[in-house]
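Peer 1: Give me a 3D structure for the following:
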Amino acid sequence: MQMWELLDKVNIIIGTIVAIPVFWSWYFLITQRRRQKQLIKSLETLSGDRPVAVSIDLMPGESENQALMYLKKHNLDMEFLKITREKLKKDELQNFVEELHKIKAEAMSKGADRIHLFYRGPVVGAMIVGEVFSNTSVTIYHFDKATGTYESWGPLHRSFI
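Peer 2: Residues are numbered from 1 along each chain as shown. Presented below is the predicted three-dimensional model:
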């Protein structure tokens, strides 16, 4: 009987010792996740010291005014560059990629530390834009058809790609 009582007490001690790092890890992961969310939230509102707005519109109609209205509404004063096409065609993809590289180079030559990217178009175009702008500090704004305005989707970072 004493052996079982001894084993029971040893089991309680071992269980307590094992529980301490488990709870510490749980607490560490929860606080890390909270800090990460706060950082991403703060990056969404960060405009930069020398920001440049880039509007990429690959659909019929016009969205430049909505992008300019968004900038004005949120008191974001910056230079505005744009690419406008009625649609993105498969045989014009190479020209589109070259145009993206040119506009990125133009923004960088102006000393942009953050690019505010307003995008309206198909998913394929968004993937290409993400690849071209992946090594720059970019805040993404997506056109919402339901509201007819742009909304911030936060920073573009490599883990999205």
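
Peer 1: just how off-centre is stretch 103-111 within its chain?
Peer 2: Distance of stretch 103-111 from the chain centroid (Cα atoms, centre = their mean, to the nearest Å) equals 20 Å.

Peer 1: Which of the residues in that stretch are classified as buried?
Peer 2: By neighbour count on 16 or more other Cβ atoms under 10 Å, the buried set for stretch 103-111 is 103-104, 107. Quick note: C-beta positions are derived from backbone N, CA and C, even for glycine.

Peer 1: helix or strand for residue 39, which one?
Peer 2: helix 2-45 (DSSP states H and E).

Peer 1: which residues of this protein fall in helices?
Peer 2: Along the chain, counting by DSSP state H, helices occupy 2-45, 64-73, 93-109, 123-132.

Peer 1: thinking again about what came up before, the helix holding residue 39 packs against which elements?
Peer 2: Helices and strands touching helix 2-45, as assessed by 3 or more Cβ pairs under 8 Å, 6 or more residues apart in numbering; DSSP states H and E, comprise strand 149-156.

Peer 1: Now do the strand it packs on and helix 123-132, the angle between them.
Peer 2: On the basis of axes from the mean of the first three to the mean of the last three Cα atoms, to 10 degrees, strand 149-156 is oriented at 40 degrees to helix 123-132.
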